[in-house]
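J.: Build the 3D model from these lines:
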Amino acid sequence: MSQKGSSPQRKRIARRQPTGARRLMGRNGVAWWEWAWLCGIYGAVIVGMSFLGATMRPYYLTEDRYHGPTRIYSCDGVLLASLYEQYRVPVTIDQVPASTIHAILAAEDADFFQHRGLNGRGILRALWADLRAGRLVQGGSSITQQLVRTELLNDNRSLRRKAYEAVLAMRIERTYTKAQILERYLNAVYFGGGAYGIGAAAQSYFGKPVAKLSPAESAVLVSLIRAPGEGNPRFNRPLALRRQRSVLATMLAHGWLTPRQYQQALHEQITIRPRKPNRWLAPYAVEAIREWLIAQYGRARVYQGGLTIRSTIDSRLQRAAERALRAAVHAGRQQRVGNGALVAMETQTGYIDAMVGGTDFGSSQYNRAMQAHRQPGSAFKVFVYQAALDAGRSLDDVEMDAPLQVDQWSPHNYKNRYHGQVTLQEALAQSLNSVAVRLVVELSPYAVIAAARDAGITSPLNPNMSIALGSSEVTPLEMARAFATFANGGDRQQPSLILSVETERGQIYRYEPNREHTVSPDTAFLLTQGLQSVITNGTGKRARIGRPAAGKTGTSSFYRDAWFVGYTPQLCTAVWLGNDDRHPMAGVAGGSLPAQAWATFMRVATQGQPATDFTPPPTLVQVEICTASGKLAVPGCPHTRMEYIAPRHLPNGLCDLHAQP
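T.: Have a look, this model is predicted:
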């Protein structure tokens with residue numbers, strides 16, 4: 001009884017599971033008339049291939065859309081980055097070894113050099129495979145058809161697309177030689193892992209140029225073409241090796257490998273290179289360059305146009321800058337230092353030699369050197385003294401350092417220490433807040449803003465009395481540019497990360513330094529002279545580097561920001577330390593870790609260069625001053641200093657403290 005009951009059930013199950021032939025006409029398969037159409041098209045194409053090939057017009061492919069990645073180099077020739085969305089290494093057919101070409105033919109189109117665009121035997125094999133599977137599983141496409149699909153059409157498995165593909169393949173065969181078609185195909189086909197073309201695949205998987213591929217390695221690569229994800233040797237090595245052996249067997253069958261070569265290839269140890277991330281050197285500078293390039297030339301040209309960028313970055317100084325900043329941040333961990341920035345700019349050209357926008361580009365692409373607007377603290381006082389010099393004051397003028405109140409605001413000196421009567425130069429060296437505020441009261445905040453604009457500050461500045469203490473926010477790059485103006489004798493430069501942009505046809509952009517005379521040479525030099533005293537005997541003593549240098553410390557309220565900005569005649573560098581969330585640090589002032597980081601970097605940057613001094617303008621006169629009386633020194637003065645002074649500010653008379661009666 002059980003047998004009688006089970007037989008109809010088995011029949012019903014059999015009817016619910018049709019054979020491959022039945023599936024061709026089932027609801028989930030392809031209708032019989034579609035298969036008839038497909039067979040008719042294929043048959044007509046195969047029969048009329050010779051006639052059509054002789055009568056069709058040629059078809060010209062557009063110029064290769066991919067000219068290679070954009071490569072960014074340092075000024076000393078080091079590759080900093082390659083920009084691409086698809087990893088490609090274009091090759092010529094002459095660079096591809098014969099064994100690699102034979103592997104391609106074995107895997108994709110063994111009759112490539114015999115047919116005229118369509119592989120009749122391949123089509124029939126694919127048609128039979130489709131019939132057996134009950135669905136479209138193979139296309140039987142020739143290499144030329146694959147090229148058409150890649151360059152001109154898409155991967156849609158429709159009969160109409162297949163018809164277009166066949167016609168265009170024959171037209172292309174009338175236009176190009178087999179070598180040209182194969183070269184274009186080898187550079188266009190996808191090998192998985194982001195690698196497009198055999199050149200990129202050889203580098204990505206084996207770390208070598210295509211010319212050095214062995215037959216065994218070639219077989220591994222070409223087996224990826226039909227299923228680049230499924231058979232990737234990085235993730236499915238057994239399947240990749242099975243496909244490799246199949247390709248090698250086909251090569252042997254066609255006589256492209258001798259039995260000995262076949263055995264050697266089978267036993268060759270295949271070492272797959274781990275996929276490496278596209279890491280950049282000087283990443284913050286590279287990202288800034290990338291954004292500028294896209295704004296100027298568009299994304300497609302940047303990622304596919306093969307541009308060559310010569311940047312201003314000096315690879316040696318860039319490494320030194322990264323080391324100096326990391327060391328400073330690491331040293332300040334216990335003082336809650338979270339991050340920092342360093343930017344170095346050539347004073348006479350505006351070239352940016354080094355840029356570090358943070359300690360870890362991988363975790364944060366925020367470029368603190370260019371984008372972080374932070375309070376500069378006392379480093380901003382330089383513009384207060386610039387405005388005072390422009391107004392006719394002298395650094396030898398005396399001002400009162402004492403508590404004061406301005407509009408119900410009472411600024412305080414560091415640790416509430418006051419010194420009474422001091423010269424402006426002493427006030428600048430010791431960063432006395434009360435003196436800077438008194439100068440702003442005398443000059444007005446607008447005069448200070450105008451001076452800062454002349455030097456190179458472009459950020460919004462608030463016209464209030466607290467501007468004397470750096471309450472308005474600026475970027476490290478702005479500060480480097482402004483201080484470089486003083487080092488450059490009052491001539492302001494536009495900072496630049498790019499020297500030139502080149503295509504295959506030649507140069508399309510070149511940066512030309514363009515000096516703007518914005519600050520009086522007298523003011524620039526006198527201010528530099530005052531800033532030298534900051535390093536020699538002021539708040540920036542830790543920035544001493546054994547040669548003439550000028551600079552200024554800066555610390556904002558509650559130690560949220562710590563700065564040191566300084567320069568030699570050739571190079572200006574700004575260092576900032578702080579936290580992105582503006583959380584206060586524990587007592588980190590500009591004269592501590594920032595000054596140390598600045599000195600560490602500048603010692604490397606100036607290594608091997610002569611220790612040159614700043615050049616005074618001819619309008620100033622050099623005199624010897626008695627440090628006790630502030631007047632012209634006489635032979636009996638025990639302590640003197642040499643100082644450049646504007647003729648209108650020469651001291652009245654000789655020193656009367658040490659003059660002989």
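J.: could you pull out the strands for the stretch 101-250 of the chain?
T.: Here the stretch 101-250 of the chain has its strands, by DSSP state E, counting those that start in this stretch, at 195-196.
J.: before we move on, what about the stretch 551-661 of the chain?
T.: With DSSP E, counting those that start in this stretch as the criterion, the stretch 551-661 of the chain has strands at 561-567, 571-578, 621-626, 640-645.
J.: Check the stretch 401-550 of the chain too.
T.: Using DSSP E, counting those that start in this stretch, strands in the stretch 401-550 of the chain cover 420-423, 491-492, 498-503, 506-510, 516-517, 550-555.
J.: Nearest to residue 106, out of the ones you listed?
T.: With distances scored as C-beta to C-beta, the stretch of those nearest to residue 106 is strand 498-503 (37.9 Å). For the C-beta atoms, the positions are set from N, CA and C on the backbone; glycine is no exception.
J.: Return the closest one as PDB; C-alpha atoms alone will do.
T.: Extracted as PDB, the C-alpha positions of strand 498-503 are listed here (Å, rounded to 0.1, in the frame of the first residue of the first chain):
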ATOM      1  CA  ILE A 498      52.300  73.100  -5.900                       C
ATOM      2  CA  LEU A 499      55.200  73.900  -8.200                       C
ATOM      3  CA  SER A 500      53.800  72.600 -11.400                       C
ATOM      4  CA  VAL A 501      51.100  70.500 -13.100                       C
ATOM      5  CA  GLU A 502      52.000  68.500 -16.200                       C
ATOM      6  CA  THR A 503      50.200  66.300 -18.700                       C
END
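J.: That one pairs with which strands, parallel or anti?
T.: Sheet pairing here is set by DSSP bridges, and for strand 498-503 it gives strand 308-311 (antiparallel), strand 506-510 (antiparallel).
J.: Point out where the stretch 551-661 of the chain drops to low pLDDT.
T.: Where the stretch 551-661 of the chain drops to pLDDT under 70, the residues are 661.
J.: all helices for it, in order.
T.: 593-605 (DSSP state H, counting those that start in this stretch).
J.: immediately after whichever strand or helix holds residue 353, which helix or strand?
T.: Taking DSSP states H and E as the criterion, residue 353 maps to strand 352-356. Downstream of strand 352-356, the next assigned helix or strand under DSSP H and E is helix 381-390.
J.: which strands and helices sit next to that following helix?
T.: Here helix 381-390 touches helix 424-430, helix 433-443, helix 445-455, helix 476-487, helix 521-537, going by 3 or more C-beta pairs under 8 Å, 6 or more residues apart in numbering; DSSP states H and E.
J.: So what's the gap between it and the chain middle?
T.: Taking C-alpha atoms, centre = their mean, to the nearest Å, one finds helix 381-390 lying 37 Å from the centre of the chain it belongs to.
J.: angle of it against helix 521-537?
T.: Here the directions of helix 381-390 and helix 521-537 differ by 140 degrees (axes from the mean of the first three to the mean of the last three C-alpha atoms, to 10 degrees).
J.: Identify the residue nearest residue 660 in space, chain neighbours excluded?
T.: Spatial nearest neighbour of residue 660, chain neighbours left out: residue 636 (6.2 Å); criterion: C-beta to C-beta, 6 or more residues apart in numbering.
J.: coming back round to it: parallel or antiparallel, which strands does the strand holding residue 353 pair with?
T.: Next to strand 352-356 in the sheet, as set by DSSP bridges, lie strand 339-346 (antiparallel).
J.: now the angle between helix 593-605 and the partner strand, please.
T.: Using the same axes, to 10 degrees: strand 339-346 against helix 593-605 is 40 degrees.
J.: what comes up buried for strand 339-346?
T.: Along strand 339-346, these residues count as buried under the neighbour rule (16 or more other C-beta atoms under 10 Å): 339-346.
J.: if I look at the spatially most central residue of the chain, how far off is residue 307?
T.: For the chain, the residue nearest the mean C-alpha position is residue 286 (1.8 Å; C-alpha atoms, centre = their mean). Taking C-beta to C-beta, to the nearest Å as the measure, residue 286 and residue 307 are separated by 13 Å.
J.: do the same with residue 637
T.: Separation of residue 637 from residue 307 (C-beta to C-beta) stands at 64 Å.
J.: Looking at the two, which is more packed in?
T.: residue 307 (23 against 20; other C-beta atoms under 10 Å).
J.: okay, now the nearest residue to the more buried one once chain neighbours are set aside: neighbour count?
T.: Spatial nearest neighbour of residue 307, chain neighbours left out: residue 70 (4.2 Å); criterion: C-beta to C-beta, 6+ apart. As a burial measure, residue 70 scores 23 neighbours (other C-beta under 10 Å).
J.: Tell me what residue 70 is bridged to.
T.: With DSSP bridges as the criterion, residue 70 is bridged to residue 83.
J.: Tell me, what's the model's pLDDT at it?
T.: Looking at residue 70, its pLDDT stands at 92.
J.: returning to that earlier point: now render the strands of the stretch 551-661 of the chain as a markdown table, adding mean neighbour count and distance to residue 415.
T.: Below are those laid out as a markdown table (neighbours: other C-beta atoms under 10 Å; distance: least, C-beta to C-beta, whole Å):
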| stretch | mean neighbour count | distance to residue 415 |
| --- | --- | --- |
| strand 561-567 | 31 | 16 |
| strand 571-578 | 30 | 21 |
| strand 621-626 | 16 | 29 |
| strand 640-645 | 15 | 27 |
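J.: Now distance to residue 193 too, for those, in TSV please.
T.: Listed next are those as TSV, based on distance: least, C-beta to C-beta, whole Å:
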stretch	distance to residue 193
strand 561-567	44
strand 571-578	40
strand 621-626	68
strand 640-645	64
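J.: So which of those strands is nearest residue 182?
T.: strand 571-578 (53.2 Å).
J.: could you check the angle helix 593-605 makes with that closest one?
T.: Going by the same axes, to 10 degrees, strand 571-578 makes 150 degrees with helix 593-605.
J.: can I assume the residue nearest to the centre of the chain is in contact with residue 80?
T.: Yes: with contact defined as C-beta atoms under 8 Å, residue 286 counts as touching residue 80 (5.5 Å).
J.: list residues touching both of those two?
T.: With contacts taken as C-beta atoms under 8 Å, 6 or more residues apart in numbering, the residues that reach both residue 286 and residue 80 are 72, 280.
J.: No more questions from me, cheers.
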